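S.K.: attaching a predicted model along with its sequence, questions to come.
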Amino acid sequence: MDEQALTEPEAPAFPTCNYSVIEGRALAAQGLNRVIRARCAEAELRGRYAWTSLRSGMMRTALRQDAPAWAVAYQSDLSSLGSVERHERRENLLRRNVAGQLGL
């Protein structure tokens, strides 16, 4: 991706590829789901995982690192802040409980 100048912050994390050519557009949901299911199978994870699981994890990690809600929404391809706010409330509850403050 460095060689093709596709590493800007606005660039998709999972771009569409055509053999050795990395395109500037994001991989479609169907392609992301295939990648995630394959890696989960390799890791012998049980359960249903999809690209939305990856997106939720990214959002929660970003919020834990105090990223602004608008940036999380932008990177998550969300059109409203409602979903980000729900994740943020959950993370704040986890962060502010006694076990979370002790690092457990």
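M.R.: Received it, and whenever you're ready, just let me know what you need. Nothing here was measured: the structure is a model prediction, and the numbers come from that model.
S.K.: which residue sits closest to residue 14, ignoring its sequence neighbours?
M.R.: residue 27 (4.3 Å; C-beta to C-beta, 6 or more residues apart in numbering). For every residue, glycine as well, the C-beta is placed using N, CA and C.
S.K.: alpha carbons of the biggest strand by length in the chain, in PDB - could you do that?
M.R.: Assignment by DSSP state E gives strand 21-26 as the longest strand of the chain. The C-alpha trace of strand 21-26 is given here as PDB (Å, rounded to 0.1, in the frame of the first residue of the first chain):
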ATOM      1  CA  VAL A  21      -3.100  -4.100  -7.800                       C
ATOM      2  CA  ILE A  22      -4.600  -2.400  -4.700                       C
ATOM      3  CA  GLU A  23      -7.500  -0.200  -5.600                       C
ATOM      4  CA  GLY A  24      -8.500   3.000  -3.700                       C
ATOM      5  CA  ARG A  25     -12.000   1.900  -3.000                       C
ATOM      6  CA  ALA A  26     -13.100  -0.100   0.100                       C
END
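S.K.: what lies in contact with it?
M.R.: 1, 4, 6, 11, 12, 14, 15, 16, 17, 77 (C-beta atoms under 8 Å, 6 or more residues apart in numbering).
S.K.: run the chain-centre distance for it.
M.R.: 18 Å (C-alpha atoms, centre = their mean, to the nearest Å).
S.K.: what does stretch 89-101 give?
M.R.: Centroid displacement of stretch 89-101 relative to its chain, using C-alpha atoms, centre = their mean, is 21 Å.
S.K.: outside of it, which residues touch it?
M.R.: Contacts of stretch 89-101 (C-beta under 8 Å, 6+ apart): 60, 63, 64.
S.K.: strands of this protein, start to end?
M.R.: Under the criterion DSSP E, the chain contains strands at 15-18, 21-26.
S.K.: buried set for the element among helices and strands of the chain having the smallest mean pLDDT?
M.R.: In the chain, no helix or strand scores lower on mean pLDDT, DSSP states H and E than helix 98-101, which sits at a mean of 72. When neighbours are counted by 16 or more other C-beta atoms under 10 Å, no buried residue of helix 98-101 is found.
S.K.: could I get the strands of the chain as CSV with mean neighbour count, mean pLDDT and distance to residue 46?
M.R.: Converted to CSV, the strands of the chain look like this (neighbours: other C-beta atoms under 10 Å; pLDDT from 0 to 100; distance: least, C-beta to C-beta, whole Å):
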stretch, mean neighbour count, mean pLDDT, distance to residue 46
strand 15-18, 12, 84, 29
strand 21-26, 12, 81, 28
